[in-house]
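K.L.:
Sequence plus the predicted model coming up.
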Amino acid sequence: MFTFSLTLVRHGETQYNRDKLLQGQGVDTPLSETGLEQGAAVGRYLRDIAFHNVFASNLQRAVQTAEIILKNNTHCSGTEMVLEPLLRERGFGVAEGRHKDDLKNMANAVGQSCRDYTPPGGETLDQVKLRFKKFLKVLFKQMLDERGWPGPDASAGDAANGTEAAASGDAPAADGLQGVPVHALVVSHGAYIRVAVKHLVEDLKSSLPAGVKMSQLFSPTPNTGVTRFIFTLSRSESGPVLSACRCVFTNRKEHLEHLTAAE
């Protein structure tokens, strides 16, 4: 058995986010001043977690956010960031660059909900889910290629080493990490993360935090919102197999409270 944590972070705000314009994949804008502040805030929030692997969408708003998180982290100075196209935002086709209300109007015109509607040239939700499933395969393989399967007596010691930093940090940021030896960070996008969470919960039957509501789990994640899952892999002849998945929390944003108050 091999257990690790996956912390997902949405990128910081861009001017397009502020103006409620769709970016998708074809509009590649940088972080706004607020987005830079949000990136620094989530970086401070996660600063004491020793991330062993860091992945980011190769769109610049995600890359910038990941760079700021790493810069603020006390344990990741030598950690290499992997730019992963599989983590890119959902493609919105002809709606990219247009106001979100335009997408709603397109959906209404064909009698569909905005979340389920695929504009011409855009990605379906199933296509986005397929990208996430491919990323999980890449992630699982890389985790085990780099570390191999732990020996029968290795887990306790490895876990103590891997969570020492996390356990000593701010308690909310370290939720779920005690006893977990390896930590991965992913910086991606709002629509993509929502699809990922739905796949983990509905398809892979992740266990859920006590008392959590589905509406909360699947609500839109704010800029630099934080979501965390714990995975346990088992060995098979064809490679690693997911044997357990646990949702620790979704869409956390307490690190943004002082920014909101300032505005």
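P.N.:
Noted; the coordinates are in hand. Residues are numbered from 1 along each chain as shown.
K.L.:
Can you classify residue 209 by secondary structure?
P.N.:
Per DSSP: H, G, I helix; E, B strand; the rest coil, the local secondary structure of residue 209 is coil.
K.L.:
so how far is residue 98 from the closest residue to residue 92 other than its chain neighbours?
P.N.:
Using CB to CB, 6 or more residues apart in numbering and skipping residues adjacent in sequence, the residue nearest residue 92 is residue 24, 3.8 Å away. Every residue, glycine included, has its C-beta placed from N, CA and C. Note on residue 24: its distance to residue 98, by CB to CB, to the nearest Å, is 10 Å.
K.L.:
what about those two, which has more around it?
P.N.:
Between residue 24 and residue 98, residue 24 has the larger neighbour count (other CB atoms under 10 Å), namely 23 against 16.
K.L.:
for the more buried one, what are its contacts?
P.N.:
With contact taken as CB atoms under 8 Å, 6 or more residues apart in numbering, residue 24 is in contact with 89, 90, 91, 92, 93, 95, 96, 122.
K.L.:
Measure how buried the fifth one is and give me the count.
P.N.:
The burial count assigned to residue 93 is 18, neighbours taken as other CB under 10 Å.
K.L.:
same deal with the second one?
P.N.:
By other CB under 10 Å, the residues close to residue 90 number 23.
K.L.:
Nearest spatial neighbour of it, chain-adjacent residues omitted?
P.N.:
Nearest to residue 90 is residue 191, by CB to CB, 6+ apart, at 4.2 Å.
K.L.:
so the one you found is in which element?
P.N.:
Residue 191 belongs to helix 190-198 when assigned by DSSP states H and E.
K.L.:
So which helix or strand of the protein has the lowest pLDDT on average?
P.N.:
Scoring the helices and strands of the chain by mean pLDDT, DSSP states H and E places helix 154-168 at the bottom, with a mean of 42.
K.L.:
returning to what we had before: now, which of the contacts of residue 24 sits nearest residue 253?
P.N.:
In terms of CB to CB, no member of these lies closer to residue 253 than residue 89, at 19.3 Å.
K.L.:
In three-state terms, label the closest one for me.
P.N.:
Classification of residue 89 using three-state DSSP returns coil.
K.L.:
Check it and give its pLDDT.
P.N.:
The model reports residue 89 with a pLDDT of 98.
K.L.:
okay but it is in contact with residue 23, surely?
P.N.:
Yes: using CB atoms under 8 Å, residue 89 is in contact with residue 23, at 6.5 Å.
K.L.:
For those two, list the residues in contact with both.
P.N.:
Here residue 89 and residue 23 have residue 59 as joint contacts, going by CB under 8 Å, 6+ apart.
K.L.:
sec struct for the residue nearest to residue 92, please.
P.N.:
Three-state assignment for residue 24 (three-state DSSP): coil.
K.L.:
elements contacting the longest strand along the chain?
P.N.:
For the chain, the longest strand by residue count, based on DSSP state E, is strand 239-252. The contact analysis (3 or more CB pairs under 8 Å, 6 or more residues apart in numbering; DSSP states H and E) places strand 239-252 against helix 125-147, helix 214-217, strand 226-236.
K.L.:
quick one: contacts of the longest one?
P.N.:
Helix 125-147 is contacted by residues 2, 4, 6, 53, 55, 84, 86-88, 90, 116, 118, 182, 184, 191-192, 195-196, 198-199, 231, 233, 239-240, 242 when judged by CB under 8 Å, 6+ apart.
K.L.:
hmm, which of those residues are the buried ones?
P.N.:
Buried members of those, scored by 16 or more other CB atoms under 10 Å, are 2, 4, 6, 53, 55, 84, 86-88, 90, 118, 182, 184, 191-192, 195-196, 198-199, 231, 233, 240.
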